[in-house]
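Chemist: Below: sequence and its predicted model.
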Protein chains: 2
Amino acid sequence: MNKQKLIQQIKIKKSFLCIGLDVDLEKIPQHLLDFDDPIFEFNKQIIDATHDLAVAYKPNTAFYEAYGINGWKSLKKTIDYINNNYPDIFTIADAKRGDIGNTSTRYAKAFFEDMNFDSITVAPYMGSDSVEPFLAFADKFTILLALTSNVGGLDFQVLKDENGNTLYEKVIQQSLSWKNSDQLMYVIGATRPEYFKRIRKIIPDSFLLVPGIGAQGGSLQEVCKYGLNKDIGLLINSSRGIIYASSRNDFALKAKEKALELQKEMEMYFL
Amino acid sequence: MNKQKLIQQIKIKKSFLCIGLDVDLEKIPQHLLDFDDPIFEFNKQIIDATHDLAVAYKPNTAFYEAYGINGWKSLKKTIDYINNNYPDIFTIADAKRGDIGNTSTRYAKAFFEDMNFDSITVAPYMGSDSVEPFLAFADKFTILLALTSNVGGLDFQVLKDENGNTLYEKVIQQSLSWKNSDQLMYVIGATRPEYFKRIRKIIPDSFLLVPGIGAQGGSLQEVCKYGLNKDIGLLINSSRGIIYASSRNDFALKAKEKALELQKEMEMYFL
């Protein structure tokens, strides 16, 4: 998917909601455990119930890998299901990969070719040649970790260099010089609203993937205040707040209600 | 495996060689493609030929993920084969994972429980709460990226803060305060021998996993000069230089010869 199509979908749906598919067999409704592939069945029902309210889905690969080969199969079925049934949806492999050049190319093939995701999250610690291999794939996006929502995000990301620039700012600034940098997006945690203003000065036009709304305490309103740009430019993720809204038979309906609440909040930014 | 047993194996074998199992179907001998699982067959023959010369094997997960579910199966078969046949070998999932707390726990389960690796490589960018979940597993090791061997490793890792400390030094220093930090090891690239002296001042007793010998240009002698400690304290990785020593039927024999060359070089540090 290219950026224009993503922007178009956001405008059509009046939504910039991303739903995180972080599936935990201990949290899903127990009746689903009778299915051959409970994880896929859970995702399928969540997706069917929410696809007109969200523009993106983001499975976190850790939740699938934890179940070994079966988990990997559930992930593949999930991405295939989205691509086959809802081709207008933007898909994010939240995989936080990154390695030396020839190895990053392998990860890119895994997620962009074998799985056919539109994008992947990538860690910046290993620098330019660990990220550029992902950027070499046309119409695929690399979502670079910049300022993450967790407590430990402050351990290194806001360290200041001799000139007073923080590490996350250096990461963003340097990334702009990388080949095909127009295919970059950035992870900025919703728990850091005070940083969005600074970030928008460096990357006014880039899309930001924003986790941390809901369970982690981030505020949609605060993020929008400083983070929105002319194209919206935000993908606000909610995982647990939506997919575990109910642990009963009505889980998909309740997920839809939660997604609708967020979409309604978002709708007012399209006036 | 605990650290004492690893040190004991190093002394018995007079080797601190780690062999990287980065399997590329385009590079392995073509007759192996007739096997049901060519990747596993390649690994099996390499392992059978070299297990008495190496103390560790390190499959890089990217090379397996690139082949989708089949690649994941080959990885599982490989780790099971090592654990069942050579239980004294230290195994490293070179996965470079790391995410917020509950998610890192999932990755830890994937590699420490489902796969039963002894250790995993982890990226530090997201800070303490992205690494500590890995450290919570007894007798398992977390190998933190500190100073990597690739060109881009210098983009951020050697940035200096206001006090003149580089990022990689801050990563190492801070990591020492994390819970169960005695289960940490560190990735330090062989292409950076000039840094080993400084690093050994901060972590004199820790094991360092050192990639970058051979194809990437690092020197074993240089690394040993500053990196060795009383327990050896190094795991020197070679991947392509060993496993692709020949692309013919004799690949396992040639791999053994290359491994033996390195082991012989290492042997003199045990006098």
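Modeler: Right, received. Where do you want to start?
Chemist: Would you map the helices across chain A?
Modeler: Along chain A, counting by DSSP state H, helices occupy A:3-13, A:38-50, A:61-65, A:68-85, A:101-108, A:128-135, A:153-156, A:167-175, A:196-202, A:220-227, A:240-243, A:251-267.
Chemist: was I right about residue A:140 contacting residue A:115?
Modeler: No - the pair residue A:140 and residue A:115 fails to qualify as a contact (Cβ atoms under 8 Å) at a distance of 11.1 Å. The C-beta positions use only the backbone N, C-alpha and C, and glycine is treated the same way.
Chemist: thinking again about what came up before, would you reformat the helices of chain A as JSON lines and include distance to residue B:239 and mean pLDDT?
Modeler: Converted to JSON lines, these look like this (distance: least, Cβ to Cβ, whole Å; pLDDT from 0 to 100):
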{"stretch": "helix A:3-13", "distance to residue B:239": "37", "mean pLDDT": "98"}
{"stretch": "helix A:38-50", "distance to residue B:239": "33", "mean pLDDT": "98"}
{"stretch": "helix A:61-65", "distance to residue B:239": "22", "mean pLDDT": "98"}
{"stretch": "helix A:68-85", "distance to residue B:239": "24", "mean pLDDT": "97"}
{"stretch": "helix A:101-108", "distance to residue B:239": "10", "mean pLDDT": "95"}
{"stretch": "helix A:128-135", "distance to residue B:239": "16", "mean pLDDT": "98"}
{"stretch": "helix A:153-156", "distance to residue B:239": "28", "mean pLDDT": "95"}
{"stretch": "helix A:167-175", "distance to residue B:239": "28", "mean pLDDT": "97"}
{"stretch": "helix A:196-202", "distance to residue B:239": "37", "mean pLDDT": "95"}
{"stretch": "helix A:220-227", "distance to residue B:239": "42", "mean pLDDT": "94"}
{"stretch": "helix A:240-243", "distance to residue B:239": "39", "mean pLDDT": "96"}
{"stretch": "helix A:251-267", "distance to residue B:239": "44", "mean pLDDT": "97"}
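Chemist: Out of those, which one sits most buried?
Modeler: Among the helices of chain A, helix A:61-65 has the highest mean neighbour count (mean count of other Cβ atoms under 10 Å in any protein chain shown), at a mean of 25.
Chemist: Give me the helices and strands touching that one, please.
Modeler: Applying 3 or more Cβ pairs under 8 Å, 6 or more residues apart in numbering or on different chains; DSSP states H and E, we find helix A:61-65 packed against helix A:68-85, strand A:90-97, helix B:101-108.
Chemist: Take the ones you listed and lay them out in JSON lines including distance to residue B:222.
Modeler: JSON lines is the format used below for the helices and strands packed on helix A:61-65 (distance: least, Cβ to Cβ, whole Å):
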{"stretch": "helix A:68-85", "distance to residue B:222": "40"}
{"stretch": "strand A:90-97", "distance to residue B:222": "30"}
{"stretch": "helix B:101-108", "distance to residue B:222": "33"}
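Chemist: that older thread, residue B:82: which of the helices of chain A is closest?
Modeler: Closest approach to residue B:82 among the helices of chain A (Cβ to Cβ): helix A:68-85, 16.8 Å.
Chemist: what about the closest one, near chain B?
Modeler: Yes - using Cβ under 8 Å from any Cβ of the partner chain, helix A:68-85 reaches chain B at A:68-69, A:71-73, A:76.
Chemist: Same check on stretch A:90-98?
Modeler: Yes - Stretch A:90-98 lies within reach of chain B by Cβ under 8 Å from any Cβ, at A:94, A:96-98.
Chemist: cool, stretch A:197-206 as well?
Modeler: No - with Cβ under 8 Å from any Cβ as the criterion, chain B is not reached by stretch A:197-206; the gap is at least 15.8 Å.
Chemist: And for that stretch, what's in contact with it?
Modeler: A:146-147, A:169, A:172-173, A:176, A:184-186, A:188, A:208, A:226-227, A:229-231, A:233 (Cβ atoms under 8 Å, 6 or more residues apart in numbering or on different chains).
Chemist: ChimeraX command to pick out the buried ones of these?
Modeler: Entered in ChimeraX, the line below selects the buried ones among these, by 16 or more other Cβ atoms under 10 Å in any protein chain shown:
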select /A:146,147,169,172,184,185,186,188,208,227,231,233
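Chemist: Mind checking which of the contacts of stretch A:197-206 land in strands?
Modeler: A:146-147, A:184-186, A:188, A:208 (DSSP state E).
Chemist: any chance of those residues in TSV, plus pLDDT and distance to chain B?
Modeler: Output for the ones in strands among the contacts of stretch A:197-206, formatted as TSV (pLDDT from 0 to 100; distance: Cβ to the nearest Cβ, whole Å):
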residue	pLDDT	distance to chain B
A:146	98	10
A:147	97	10
A:184	98	14
A:185	98	16
A:186	98	13
A:188	97	13
A:208	98	17
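Chemist: For the residues of stretch A:90-98 next to chain B, which single residue is the most surrounded?
Modeler: The residue in those with the most neighbours, by other Cβ atoms under 10 Å in any protein chain shown, is residue A:98 (32 neighbours).
Chemist: shouldn't that residue be in contact with residue A:104?
Modeler: Yes - between residue A:98 and residue A:104 there is a contact under Cβ under 8 Å: 6.4 Å.
Chemist: hey, what's in contact with both of these two?
Modeler: Shared contacts of residue A:98 and residue A:104 (Cβ under 8 Å, 6+ apart): A:122, A:130-131.
Chemist: restrict those to contacts with chain B.
Modeler: Answer for the shared contacts of residue A:98 and residue A:104 near chain B (Cβ under 8 Å from any Cβ): A:130-131.
Chemist: List just the nearest of the shared contacts of residue A:98 and residue A:104 to residue A:270.
Modeler: Nearest to residue A:270 among the shared contacts of residue A:98 and residue A:104, with distances taken as Cβ to Cβ, is residue A:122, at 30.1 Å.
Chemist: who's in contact with the closest one?
Modeler: Residues in contact with residue A:122 (Cβ under 8 Å, 6+ apart) are A:95-98, A:104, A:130-131, A:134, A:142-145.
Chemist: Serialize the helices of chain A to a markdown table and add fields for distance to residue B:270.
Modeler: A markdown table is the format used below for these (distance: least, Cβ to Cβ, whole Å):
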| stretch | distance to residue B:270 |
| --- | --- |
| helix A:3-13 | 58 |
| helix A:38-50 | 50 |
| helix A:61-65 | 38 |
| helix A:68-85 | 39 |
| helix A:101-108 | 32 |
| helix A:128-135 | 35 |
| helix A:153-156 | 37 |
| helix A:167-175 | 41 |
| helix A:196-202 | 53 |
| helix A:220-227 | 58 |
| helix A:240-243 | 53 |
| helix A:251-267 | 61 |
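Chemist: Quick one: closest of those to residue B:240.
Modeler: helix A:101-108 (9.2 Å).
Chemist: Would you mind putting the CA coordinates of that closest one into PDB?
Modeler: What follows is helix A:101-108, C-alpha atoms only, in PDB (Å, rounded to 0.1, in the frame of the first residue of the first chain):
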ATOM      1  CA  GLY A 101      22.500  -5.600   6.300                       C
ATOM      2  CA  ASN A 102      22.300  -9.100   4.800                       C
ATOM      3  CA  THR A 103      20.300 -10.200   7.800                       C
ATOM      4  CA  SER A 104      17.900  -7.400   7.800                       C
ATOM      5  CA  THR A 105      17.100  -8.200   4.200                       C
ATOM      6  CA  ARG A 106      16.000 -11.700   5.400                       C
ATOM      7  CA  TYR A 107      13.700 -10.100   8.000                       C
ATOM      8  CA  ALA A 108      12.300  -7.900   5.300                       C
END
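Chemist: Now do that helix against helix A:128-135, angle only.
Modeler: Interaxial angle, helix A:101-108 versus helix A:128-135 (axes from the mean of the first three to the mean of the last three Cα atoms, to 10 degrees): 30 degrees.
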